[in-house]
Every structure is written in structure tokens, then in C-alpha cells.
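*Asks:* Sequence first, predicted model second:
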Amino acid sequence: MTLLVESSDVLPLVDVEVGFPVGGLEDPRGKEGLLQLAAHLVRRGPRGVSQARFEDDLARLGARVSVEVSMRATRFRATVLRRNLEPLLDALANMIWNPALRRTDFSKLKRQAVAALLSRLDDDQTLGALHFRRALFRDHPYGRPLGGTRASLRSIGIDHVRRFAERTFGRSPFIVGIAGDVDEAEAARLVEAYMPPTKALPRGGRNVAPTRLARGRHVLIVDKPDRAQTQLFIGTLGVRTSDPKLFPLIVSNTAFGGTFSGPLMQQIRGVRGWSYGAYSRLLHSRQRDAWYMWTAPASEYSAECGALQLELMERWVALGITRSELSFAKGYLVNSHCFDRDTPSKRLEANIDVELLGVPRRYVEQHDTLVSRVTRRQAIDATQARIHPSDLTIVVVASASEVAPAFEALPGVRSVEVVPYDQT
Amino acid sequence: MASPAEWVGRLNRDVKARNARWTFVGDHRFGEALTLRRFRLGNGLTLLTLVDRSAPTISYHTWFRVGSRDERVGKTGLAHLFEHLMFNQTRSHAHGEFDRLMEQAGAEANAGTWTDWTYYYENAPKSALGRIIELEADRMANLVLKKPQVSSEKEVVANERKLRVEDDVEGKALEMLYATAFRRHPYRWPTIGWMDDIRGFSVADCREFYRRHYSPHKATVVIAGEFDERRALQLVQKHYGGVPGSRPKPRGPLPKEPPQRAERVLELKAPTPTEKVLIGYRVPGFSHPDTPALVLSSELLFGGRSSRLHRSFCIDHELALSVRGSVSPFVDPGLFEMWLFVRQGKRRADALALLDEELTRIGTERPSEGELEKASSQLELSFLHGMETAGGKAEQVGFYETVLGDGTAMFDRLDAYREVRVDDVQRVVQKYLRPSRRTRVEIVPDA
């Protein structure tokens, strides 16, 4: 078994994580949301203990247990007062490897999952982000909603979930991480006492087909009535985790839209006051994930803001970053890196990502060197090789009648589609 | 090893200006292993230091005792606008330089404003302390307030308001709740301000506000993390010592809110898929002896999956997707806010009836000692989580110092939660959570 420990006696607190190398990409087509349902049903507690009693026991221990399903991994996380670590591990192991998976709990959970989908309609930024991924990746698994859709959830029954949970959590290898007020020997003893034996994690995990870039600029308007403000996402494909251009692109993107001082924020907010926030993000995964800009301009100048972003992006890709921008971005990334490791749980998380997601160990251990070595030429080449200003997905959550003509008129736009906000 | 009083003696040795002379006020234990030290500069600035070597980081907080309570009708949102303006040009640094220098040093700089306070913070690698002290002292005294800066930030704040209030059903409902629950006290207007007021601010308004509220007498600086205290004192003395110490004229007492005698109800139609209910019960200020019992009651009712209302609303009756509750941490009496996110196809009237039933049940059926133990353990867990980083510690110290006048009061508060008894919970629920003390906003999907 792989056990990772980050000891620190600063606070009488311990974080525990049990990670499985299985994520939402494993959901069968048409049954999106299956893994989330399975993981959350496991979270409802072990056999022989009612859900209510299980929650009471956890609360009394001063513990919180959550579950997170991402594209490639499922993580059960617990945090507990130091004095109750041992009973917490007992409860957590019992929950994961002896789950009740009750039919009554499942029915309630499914209704709750459908209600949660509906509640997302209240949050325009979340709505925009979901539509952006779906429009960018189209039928690729990266575009699938991890929580499923109303139709996919409807098609999932208790038997699917039981089988899936048994296969995923009952028999899969897993990793355990413990951070906080516990030393390695005690952590090893407790894990051995309460967790079942397991095989080593498979290297690399399940592969998926490469993501493909849609040619041209395409606008999707998510039509929501009475919007004073719009949520604007403009993006394209980014990089793979294993791409040698990853660090040069991280530096380049940081200089462009990763800080308050970069040209994106300064031009949109500093000079014009058009949006409360303006940033660009570079995501990376096994296959090329997304690169995107986000702003939230008022409806009356949303398209104008979009046009300025396109102009800034084109300039960034064509001319690259300056020497002083390079130096600034590298300084920011190296100096602020201490905040990725200032608590034991953050240090643990980075090491778990290495084991669970196959993030190269040198990214964690040699982060500052990898950043410092990036040259201006590498940053420019990486940006030009990976970021394509002519192939963009533009998603705007807005009242369509107020913005559609202006977005249609943006340079290079090939198509404009309007979808009602409550059609998911 | 020299004591803090001796450090201060040495630092004051060649300093003639009264504003720049240090006084060591005292120290207090901060948990098991740390010490919070209190110093005062001659110009009125309070400095609290908390050395914690668990990570190579520092957190630098500047808390001003100014918030939306210090505004007046027609000029609401000025305290919040300052949160933005303070990142602009000063007499020594051009527009954008503050952020650029901070980010170059690896610091994250931001700020927050609410009813009773405004705070500015930097979370940074320990090497950035000198730069932070210089820049923070500079903007406390040398901010440039001219038309271009004020106009641009007014537009940003107008956009922020659209984002957080006008297009956000929860933000809009909260604004309605406070505007209705309070009739005289400044808590009735939103911290971000009314849109017309934001649009109408002049440069003169901003200059007057800065002069009146941004002085050392109204500020507390908190430094937490890995740093050399003596060096920090020396740098603070150097950079803040020249800031004038004019003591602002205290404003008169704020209008007292008359007692509420009947429930107030409003309806909000919004493009939202489901009904929601937001309720605010009038409760005393944060320093009141009943507040710990109210906070514990909130935990017992709303804290996590084993809480009474989560279980009743979300699991047993499936009336709501989620429920939320919190007691406002205000200097003056505020609200115990409750949110019921009603599920599609369910009625808000049924949700309200269930809430009343549950609140009555606390009065008639005593909560068990086990329930109290759960709530107390969960509050302890939240408290420890809040203390994980230098930033978390500095924020707690700054908040308790500004609201309760004691930067270590969070430990007393934690003890107070542990001392709450079942009778206390029953008493405060019966006393404060009565329909006649509440204001309710019912959110209805706009067809």
C-alpha cells in the first residue's frame, strides 16, 4: 500500500485522504454522474448503522468527511480533532469498504442530485463554465458533466450503482495520505489496523482519446432573462500535463492573465473598469485541457469587452511577452510557491497528485527550477504552438436579445448559437 | 535575551518625534505555544505581533475601524469604494505599482469591507515584509484621490454590484432583508452601497472620507508568521512614524434600532428555478453574553449533516436541497440569518411551517448533551481550521481586536461555546427566534 504522511504538530488536527484512481471519465456514455452517485452513496455510511447515527458519530468526533469526484480520481477526505483520529479511521474504513448502499438512501440521493443540477441555474458563472467545457470539448469525455444530466441520472438504478461502487471502491487499488499531528510510525500502525491491504496503484491510469480543436470562432449565448451583467468565457485547447511546453506556457499565461498586474486585468479593469475580475487560466490533464479567459462585463459593453480580449490575446500570441513580463511572471510564480506548501494538507495533496494522477514528481520537487529556467523564446514558442486565437469557443451568459448582434459582429465569428439557460 | 520593553527602549533612544516613539503595551498567550504582543506607536497605531515559525510565510493585516456603519444616507458604499481606491496611486507610487510590487514579491494582496470594519491584507513569503510595511504605510498617508482614479473604480464597483447583487438572487434578497429588518440603524443599507450613491460619489467625498477614517488611531496592524519582531518594529517605526497622529473627532452614537414587534414579509420575483426563503431574526451584538449560546444553537440547527434542520429538511422530508444559518458578527445588534432552499415542486409555506415546528421543538424537547457535544466539537474543528495558516491567524486576531477589543478573545469564545448548557440553548431560541422578531424574504420564480 502507498501511504503518504506529512507530520506537523502545530495544531491538534489531522487530515486523512483515501484516493482511488477512478474518475468521472469512467462513467459509461449515457450514465454520466454514475460515479458521483456511487461515491456519495458510499458516503452515506456503512452496513448496520443508519445514516443518521453515522453522521452523529462523525460529528461527535469533531470530524468532517467529504467526497470529491474529478475526471480521473475519487477522493474521500476527512478532517478530525487529533484526539479522535483512531475512531475516525475506523469509521472511514468501515464506510468505504463495508458500505450500506441502501435502496432508500439511493432514492433520496438521486432526487437530491437532480435538485442540485437545478440549483446550478442560479449561479451564472457556474452555468457559463459548464457550457464552456461542453462547447469546447463537444462529444469528448472532457466535456461531460461529472454530476450528470437529468436524463442520465434518470437512467441510473441502484443496481448500476452497487455494481459500480463494488468494482470501483471494493476492488480497486487505493492510496492513503495523512497530514497533521501524527508521526509516520503511528500513521502506518493505524492504517494497517483499519484499512484493507491493496495493490500498488497502476501507472498512468486510464487513457482517453486526444481532444480535438474545433476550427473557427464559435459563439454560444446562454440566454437568461434580466441580466445586468454577463459572464464571458473565451478559450481554446491548452496543454497536456506531460507536454514539455507546459512550464513555458504557465509562465507566459501568468504574465498575460494570471495576476492583477498583467495586461488582461489592467486593460479590462484597471483602465476601463469594465469587469470586477479578468483572468486567464491554463488547465492541463492527460490530454489537452482548456485555456480560457474569464470576465464579467455589463451587458451594454460585453461584446466590446470581448473584442478587446480578442485583441489582447492576439497580441500576446503574435508578439509574445516582454523581458520584463517574463521576469515578473517568474518572480511571482517562484515567490508565491510557498503558499502551495504552507500547510501539511497542501503538501500532502501535491504528493497524492503525483501518485494518483501521474503528475511528474519533478513538477513538485523542482517547481522553482522549472519556472526559473524558462526563457522568453520558450515562452513565446509555447504560446504560439498551443494557443490558437483563430479557433475559439466563446460562451456568454446573458440576455440574448441584448448581446446577440454585437457578438455576431466580433471578428472571425463563424457561428452563433443561442440556448435557453434552463436547458441542460 | 532582551525583553520587548528593552527593544522598544533601544528603538526610541534617538527618536525625538512623538509620533514615532514605541510603547510596549503587553503580551498574551496565544494558544499552547505562541505569544501575541501588543505595541503602540506615538501616532496611535496599534501593532500586534504573532511569531509562528511553522511555515516560511507571513501575513500582514491592517484593520481600520470603519465600515458601512460610518456612512450616511446618500453616500452609502463609500467604505467599500475605499477598499478599491486604496490599491491605486499614491504620492510615491504610480497607478498599478502597488499590485505589481506585491505580486513580484509573491504576495497575495486583497481587502474586505463590512458593516463595522475594513481590512487590507498581504499573505507573502517572509522575505517580503519590508516591502509590505513600506507600501502599507505609504497608502495610509499618501493616497492620491483624483477624478480618473475615482471614476474608474466607481465603474468597477458598479460592475461588482451587478455581479453580486443585481444578477444574484441571494445577494438581492439579503439586501432586501437588511433594508427591511432595520429602519434606523446604518445596517439597513448594503455595504457595497446603493447604485445611485455609487454613481454619485465625488472626489471631494472620497478625500473627506480618507481624511476622517484612514488615520493611525483607527488602525490595527497585525503581523503573523515567521519574522523577526525587532526588525519589524524598526521598519514600522521608520515607515509609519511620520504619519500624522491626528485623533479623529468621534462621531455621535448611532441611532438605536426600535424593537421589532411583528413579522415583516417581502416577496422577490426572480429568474430562478426554485423557491427560497431568507429569514432574519433580530439578535444582539457579537459581544453580548447570549451570543455564544446563539452560535451554538446555529451549529446545532444548521451545522453539517447531523444537524437538526439538515436532517429534517434535506433528508427526512426532502423539502429543501440545503439549509443554512449564521449569526451576524456585528458590533451592534444584527440578525440570525437562515436560508431555506426549497426543492422544485415543494411549497415554501410548508418549509416555513417545518422551521417553526423545529424551533418550537427545541423549546419543548430538550436537546441532549450529545447534541451539544457534537456542536461544540464542530465549532472547535472550525476554529482550528481557521488557525492553519499565518493568514488565518492574522485574520482572527484582527477581527477580534476590532470587534471585541481583544486580539486573543477567540480562545475565550471557544471556552464560552464549551460552557453553553442545554438550558442556555432553549432560553436563547425561545427569546430570540420568535416570529415577531423576524423579517422574511420569500423568493418566487418569475414565470
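*Replies:* Sure, I can see it. What you see is a predicted model; the values in this text were computed from it and never measured.

*Asks:* for stretch B:264-275, the distance to its chain's centre please.
*Replies:* Chain-centre distance of stretch B:264-275: 27 Å, with Cα atoms, centre = their mean, to the nearest Å.

*Asks:* What distance separates the opening and closing residues of it?
*Replies:* Start to finish, the residues bounding stretch B:264-275 are 18 Å apart (Cα to Cα, to the nearest Å).

*Asks:* Who are the packing partners of the helix or strand where residue B:221 lies?
*Replies:* For residue B:221, the host element (DSSP states H and E) is strand B:219-225. Using 3 or more Cβ pairs under 8 Å, 6 or more residues apart in numbering or on different chains; DSSP states H and E as the contact test, the elements touching strand B:219-225 are strand B:46-51, strand B:57-64, helix B:129-141, helix B:390-404. Quick note: C-beta positions are derived from backbone N, CA and C, even for glycine.

*Asks:* What residues does residue B:179 make contact with?
*Replies:* B:188, B:189, B:190 (Cβ atoms under 8 Å, 6 or more residues apart in numbering or on different chains).

*Asks:* Swap in 6 Å and give it another go.
*Replies:* Residues near residue B:179 by Cβ atoms under 6 Å, 6 or more residues apart in numbering or on different chains: residue B:188.

*Asks:* residues from the stretch 1-150 of chain B in reach of chain A?
*Replies:* Neighbours of chain A within the stretch 1-150 of chain B, by Cβ under 6 Å from any Cβ of the partner chain: B:54, B:55, B:56, B:57, B:99, B:100, B:103, B:104, B:105, B:106, B:125.

*Asks:* so is the closest residue to the second one other than its chain neighbours in a helix, a strand, or just coil?
*Replies:* Taking Cβ to Cβ, 6 or more residues apart in numbering or on different chains, and ignoring the residues beside it in sequence, residue B:55 has residue A:342 as its nearest neighbour in space, at 3.9 Å. Assigned with DSSP: H, G, I helix; E, B strand; the rest coil, residue A:342 falls in the coil class.

*Asks:* Then residue A:280?
*Replies:* strand.

*Asks:* How about it, nearest residue that isn't a chain neighbour?
*Replies:* Going by Cβ to Cβ, 6+ apart, residue A:280 has residue A:257 as its nearest residue, at 2.9 Å.

*Asks:* and if you look at residue B:93?
*Replies:* residue B:138 (6.5 Å).

*Asks:* next one: residue A:400
*Replies:* Closest to residue A:400 by Cβ to Cβ, 6+ apart is residue A:223, at 3.9 Å.

*Asks:* residues from the stretch 1-150 of chain A in reach of chain B?
*Replies:* So the stretch 1-150 of chain A meets chain B at A:10-11, A:13, A:55-56, A:59-60, A:62, A:115, A:118-119, A:121-122 (Cβ under 6 Å from any Cβ).

*Asks:* any chance of those residues in JSON lines, with distance to residue A:98 too?
*Replies:* Listed next are these as JSON lines, based on distance: Cβ to Cβ, whole Å:
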{"residue": "A:10", "distance to residue A:98": "34"}
{"residue": "A:11", "distance to residue A:98": "31"}
{"residue": "A:13", "distance to residue A:98": "26"}
{"residue": "A:55", "distance to residue A:98": "17"}
{"residue": "A:56", "distance to residue A:98": "18"}
{"residue": "A:59", "distance to residue A:98": "20"}
{"residue": "A:60", "distance to residue A:98": "20"}
{"residue": "A:62", "distance to residue A:98": "23"}
{"residue": "A:115", "distance to residue A:98": "28"}
{"residue": "A:118", "distance to residue A:98": "33"}
{"residue": "A:119", "distance to residue A:98": "32"}
{"residue": "A:121", "distance to residue A:98": "37"}
{"residue": "A:122", "distance to residue A:98": "37"}
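
*Asks:* And residue B:233, how far from chain A?
*Replies:* 24 Å (Cβ to the nearest Cβ, to the nearest Å).

*Asks:* Within the helices and strands, which one has that residue?
*Replies:* Short version, using DSSP H and E: residue B:233 is in helix B:229-240.

*Asks:* Would you mind getting the angle between that helix and helix B:129-141?
*Replies:* For helix B:229-240 against helix B:129-141, the angle by axes from the mean of the first three to the mean of the last three Cα atoms, to 10 degrees is 30 degrees.

*Asks:* Give the next helix or strand downstream of helix B:229-240.
*Replies:* Past helix B:229-240, the next helix or strand by DSSP H and E is strand B:264-270.

*Asks:* Quick test: name the residue nearest the centre of chain B.
*Replies:* residue B:114 (5.6 Å; Cα atoms, centre = their mean).

*Asks:* Check what pLDDT it gets.
*Replies:* Here the pLDDT value assigned to residue B:114 is 98.

*Asks:* Then the one 5 residues further on?
*Replies:* You'll see residue B:119 listed with a pLDDT of 98.

*Asks:* Could you pull up phi and psi at the residue nearest to residue B:55?
*Replies:* phi -90, psi 0 (degrees, to the nearest 10).

*Asks:* Quick one: residues contacting it.
*Replies:* Taking Cβ under 6 Å, 6+ apart, one finds B:55, B:57, B:389 in contact with residue A:342.

*Asks:* Among the residues you listed, which one has the most neighbours?
*Replies:* residue B:57 (26 neighbours; other Cβ atoms under 10 Å in any protein chain shown).

*Asks:* SS state for residue A:293?
*Replies:* Once three-state DSSP is applied, residue A:293 turns out strand.

*Asks:* cool, the one 4 residues further on as well?
*Replies:* At residue A:297, secondary structure determined by three-state DSSP is strand.

*Asks:* of all of chain B, which residue lies closest to chain A?
*Replies:* residue B:106 (2.3 Å; Cβ to the nearest Cβ).

*Asks:* contacting residues around that residue?
*Replies:* With Cβ under 6 Å, 6+ apart, residue B:106 has these contacts: A:335, A:336, B:125.

*Asks:* So what's the residue count around the closest residue to it other than its chain neighbours?
*Replies:* The shortest distance from residue B:106 to any non-neighbouring residue, by Cβ to Cβ, 6+ apart, is to residue A:335 (2.3 Å). Residues contacting residue A:335 under the criterion other Cβ under 10 Å number 19.

*Asks:* For the helix holding residue B:233, what is the distance to the chain centroid?
*Replies:* 27 Å.
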